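# Sequence and computational prediction follow.
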Amino acid sequence: MPKIPKDRLEIYRELKRDFSEDKFINLHPIQRGGVLSPEARRAIIEFADGYSTCDWCPPKTARLDMIQRPPIAQFMQDLAEFLGMDVARVVTRCREAQFIAFTMLGNPGDYVILDSLAHYSTYTAAELARLRIKEVPHGGYPEFRLKLDAYADKIEEVRRETGKLPAAVLLTHVDYLYGNLNDAAVVGKICKEYGVPFILNAAYSAGVMNVDGKKLGADIITSSGHKSWAASAPTGILAATEEMGEKLFARSRIVGDWSQRKFSFKEYALLGCTVMGAPLMTLIASFPHVVERVERWPQEVENTRYLVEQLERIEGTRQIGVRPKEHTLTHMESDGFYRVSQTHKRKGYFLYEELRRRGIVGIQPGLTRHFKFNTYGLPREKVERVAQAFLEIAEEQKLKAS
């Protein structure tokens with residue numbers, strides 16, 4: 001057996017993050033909604049060992065969602081109710097939830113309709129499910145507003161080309177590029193009129209703001225625990241109406257041809273069980289925190305609007321996406337900072353480094369012309385510190401500020 005040198009093994013013994021929540025203001029666009037609650041930080045230690053949730057797994061069913069101690073079964077019910085749905089399961093990622101939905105609703109060669117701002121993983125989930133796609137367009141720069149009425153046009157297009165309806169329609173509730181919040185009820189109404197299943201990808205919305213699937217007309221909701229539910233990765237959420245749940249969570253019917261073994265309690269699209277340890281328990285432990293925090297959504301949006309207003313005081317700096325902001329994930333464009341980067345000795349890295357020197361991280365290193373941030377969960381005083389830091393940097397670099 002090959003031996004790994006001891007000096008190389010030493011680097012794994014004390015793993016540390018470059019920056020932590022207690023020392024830096026982290027603006028990273030995909031991390032703000034995933035900051036753990038104190039309860040989740042305790043749970044991750046308690047349930048850190050391997051299959052730590054399986055001590056009390058019921059032997060007859062051997063199903064994760066039926067475990068009573070810890071209260072996983074109760075949590076699955078409460079999770080569905082919180083999302084305005086009938087049934088819910090926890091899977092490893094939002095993209096897995098989408099893949100399961102695509103696989104169980106469509107057959108190879110069927111179409112699924114996506115918004116043109118969907119995350120790449122939505123596309124690859126459809127590809128792995130052997131589906132074809134049609135895209136709903138957006139209006140382009142600077143708002144990139146999706147043309148939601150065009151979902152009906154795309155459904156008709158599929159029907160003309162194939163003689164049947166698409167297997168499903170998916171809308172990204174809040175896109176990852178510009179943080180635009182889409183009116184899901186518009187798409188929900190269109191899907192109901194055509195009788196096409198409506199999947200709402202709530203990776204950046206459910207868990208940070210109130211999302212009621214039935215009110216929005218969604219048949220299925222997918223979401224991301226580590227993006228928006230104060231949970232560790234990997235955690236994803238798949239919730240559905242009762243009718244859709246019967247399709248998504250169908251039980252295994254396979255029988256061994258020699259042994260005659262069968263596994264009729266297992267939900268085969270989930271491969272039996274999914275998240276069986278610490279990540280699931282952080283999701284559960286943070287649930288009371290999440291239920292409470294979504295009520296503060298108006299204040300969260302107000303903080304973001306304040307920061308955008310302050311940054312737009314800097315010459316050549318503007319928010320991209322729908323205005324005014326309706327979500328905390330924000331895309332900024334700055335001709336001013338980009339111009340500075342062209343002659344600065346640190347080039348495009350100067351902005352990241354100047355922010356970090358002031359205790360602020362999360363802006364992607366090397367970016368100045370276009371960069372994203374997320375203020376979710378930050379108290380107002382920290383948001384004000386971020387605004388002041390940007391203004392100070394602009395002044396030092398001789399950029400005008402109104």
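Yep, that arrived.
# only C-alpha atoms for contact and neighbour calcs from this point on.
OK.
# Report the residue ranges of every domain in the chain.
6-36+296-396, 53-276 (automatic domain parsing).
# can you list the weak-confidence ranges in this protein?
For the chain, applying pLDDT under 70 flags the ranges 1.
# Which residue lies nearest the spatial centre of it?
Ala203 (2.7 Å; Cα atoms, centre = their mean).
# thought that residue was touching Trp229?
No. Using Cα atoms under 8 Å, Ala203 makes no contact with Trp229, being 9.4 Å away.
# what's the distance between the closest residue to Ser37 other than its chain neighbours and Gly139?
Nearest non-adjacent residue to Ser37, counting by Cα to Cα, 6 or more residues apart in numbering: Ser286, 5.7 Å away. To Gly139, Ser286 is 38 Å away according to Cα to Cα, to the nearest Å.
# More neighbours: these two, which one.
It is Ser286, of Ser286 and Gly139, that has more neighbours when counted by other Cα atoms under 10 Å, with 23 against 10.
# Please report phi then psi for that one.
Phi and psi for Ser286, reported as degrees, to the nearest 10, are phi -80, psi -10.
# Now do the contacts for it.
For Ser286, the contact set (Cα atoms under 8 Å, 6 or more residues apart in numbering) comprises Leu36, Ser37, Glu39, Ala40, Trp229, Ala230, Ala231.
# partners of Val169 in the sheet?
On the basis of DSSP bridges, Val169 is bridged to Ile113, Phe198.
# State the distance from it to Glu193.
Val169 sits 13 Å away from Glu193, going by Cα to Cα.
# Compare neighbour counts for the two and give me the winner.
Between Val169 and Glu193, counted using other Cα under 10 Å, Val169 has the larger neighbour count: 25 against 10.
# ok, Tyr352 touching Val361?
Yes. With contact defined as Cα under 8 Å, Tyr352 reaches Val361; the gap is 7.2 Å.
# out of the two, which sits in the busier spot?
Taking neighbours as other Cα under 10 Å, Tyr352 and Val361 compare with Val361 leading, 24 against 19.
# Who does the more buried one form a beta bridge with?
With DSSP bridges as the rule, Val361 is bridged to Asn26.
# residues of stretch 95-112 that come out buried?
By neighbour count on 16 or more other Cα atoms under 10 Å, the buried set for stretch 95-112 is 95-106, 110-112.
# hang on, the earlier thing: pick out the most distant pair among the contacts of Ser286.
With Cα to Cα as the measure, no two of the contacts of Ser286 lie farther apart than Glu39 and Trp229, at 12.9 Å.
# okay, the two: which has more neighbours?
Trp229 (32 against 17).
# Name the nearest residue to the more buried one, sequence neighbours excluded.
Gly207 (4.7 Å).
# Look up how far Leu131 lies from Pro137.
Applying Cα to Cα to Pro137 and Leu131 gives a distance of 19 Å.
# What are the buried residues along stretch 46-62?
Those would be Phe47, Thr53, Cys54, Cys57, Ala62, for stretch 46-62 by 16+ other Cα under 10 Å.
# Just the residues you listed: which are in strands?
Secondary structure from DSSP state E places none of the buried residues of stretch 46-62 in strands.
# And stretch 391-402, what's buried?
Those would be Leu391, Glu392, Ile393, Ala394, Leu399, Ala401, for stretch 391-402 by 16+ other Cα under 10 Å.
# try stretch 139-159
For stretch 139-159, a neighbour-count test (16+ other Cα under 10 Å) marks Phe144, Arg145, Leu146, Leu148, Ala150, Tyr151, Ala152, Lys154, Ile155, Glu156, Glu157, Val158 as buried.
# Stretch 187-196 too?
In stretch 187-196, the ones that count as buried by 16+ other Cα under 10 Å are Val187, Gly188, Lys189, Ile190, Cys191, Val196.
# Can you dump the C-alpha atoms of that stretch in PDB for me?
Extracted C-alpha coordinates of stretch 187-196, given in PDB (Å, rounded to 0.1, in the frame of the first residue of the first chain):
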ATOM      1  CA  VAL A 187     -46.500  31.200 -14.000                       C
ATOM      2  CA  GLY A 188     -48.500  29.100 -11.600                       C
ATOM      3  CA  LYS A 189     -51.700  30.400 -13.300                       C
ATOM      4  CA  ILE A 190     -50.500  29.600 -16.800                       C
ATOM      5  CA  CYS A 191     -49.500  26.100 -15.700                       C
ATOM      6  CA  LYS A 192     -52.900  25.400 -14.100                       C
ATOM      7  CA  GLU A 193     -54.600  26.500 -17.300                       C
ATOM      8  CA  TYR A 194     -52.600  24.000 -19.400                       C
ATOM      9  CA  GLY A 195     -52.400  21.300 -16.800                       C
ATOM     10  CA  VAL A 196     -48.600  21.200 -16.800                       C
END
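# chain center to it, what's the gap?
24 Å (Cα atoms, centre = their mean, to the nearest Å).
# hmm, who's touching that stretch?
By Cα under 8 Å, 6+ apart, stretch 187-196 touches 148-149, 151-152, 165-169, 171, 197-198, 216-218.
# Out of those, which sit inside strands?
The members of these that map onto strands under DSSP E are Ala168, Val169, Leu171, Phe198.
# Show me the two of the residues you listed that sit farthest apart.
Longest span within those, Cα to Cα: Ala168 and Leu171, 10.2 Å.
# and the two? which has more neighbours close in?
Between Ala168 and Leu171, counted using other Cα under 10 Å, Leu171 has the larger neighbour count: 27 against 22.
# For the residue lying closest to that one once chain neighbours are set aside, pull up the helix or strand it's in.
Spatial nearest neighbour of Leu171, chain neighbours left out: Leu200 (5.3 Å); criterion: Cα to Cα, 6+ apart. Leu200 is located in strand 198-201, with elements delineated by DSSP states H and E.
# What is that strand packed up against?
Counting by 3 or more Cα pairs under 8 Å, 6 or more residues apart in numbering; DSSP states H and E, the packing neighbours recorded for strand 198-201 are strand 168-172, helix 184-194, strand 220-224.
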